[in-house]
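**Q** Pasting a predicted model and its sequence here:
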Amino acid sequence: LPEDKRLSKSIEYLHSHYQEDVRMEDLSEISMLSLRTIERIFKKETGMTLAKYQQILRIIKSLELLSSGDHTISETAYKVGYKSVQAFTRSFQSVMQSRPTDFIKTTK
């Protein structure tokens, strides 16, 4: 998590609205910083773009859902904000270097 306190509200917002498509302009308003300032601070503090941060956050949330065994891959994909299972699977594989099915809890 970023150390710069100016990002606190923005990060908190991202974590509670991870399933939505949040824009940098939204974070600018929330943090009451200019767009240029929030972009600079966000990149410096997180080491990634907003899109990448959102992708990783969604994948982390999907891991929680998949490992619980209560949700299918398609349910998980839509719950974390993806518009299609295919987009979710591609994103998941990109971040995790494995398939979502590898993380589904199976009952024996």
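**A** Sure thing, it's come through. The structure presented is a predicted model; accordingly, all values stated were derived computationally and were not measured.
**Q** Could you list the low-pLDDT ranges of this protein?
**A** For the chain, applying pLDDT under 70 flags the ranges 1, 105-108.
**Q** now the helices for it?
**A** Ranges of helices within the chain are 8-16, 24-31, 35-46, 50-68, 73-79, 85-96, based on DSSP state H.
**Q** Out of the ones you listed, which is closest to Phe103?
**A** Taking C-beta to C-beta, helix 50-68 is the member of these nearest to Phe103, at 4.4 Å. Bear in mind the C-beta positions are built from the backbone N, C-alpha and C, glycine included.
**Q** Sort out which residues of that closest one are buried, please.
**A** Buried residues in helix 50-68, counted by 16 or more other C-beta atoms under 10 Å: 50, 53-59, 61-63, 65-66.
**Q** Now do the contacts for Asp21.
**A** Each residue near Asp21 by C-beta atoms under 8 Å, 6 or more residues apart in numbering is listed here: Gln54, Gly81.
**Q** Distance of it relative to Asp4?
**A** 24 Å (C-beta to C-beta, to the nearest Å).
**Q** For Ser94, which non-adjacent residue is spatially closest?
**A** Nearest residue to Ser94 in three dimensions, chain neighbours excluded: Gln55, at 7.7 Å (C-beta to C-beta, 6 or more residues apart in numbering).
**Q** My read is that Met15 contacts Ile56, right?
**A** Careful, residue 15 is His; it's not Met. No: counting by C-beta atoms under 8 Å, His15 stays clear of Ile56, with 11.6 Å between them.
**Q** Could you pull out the residues contacting both of the two?
**A** Residues touching both His15 and Ile56 by C-beta under 8 Å, 6+ apart: none at all.
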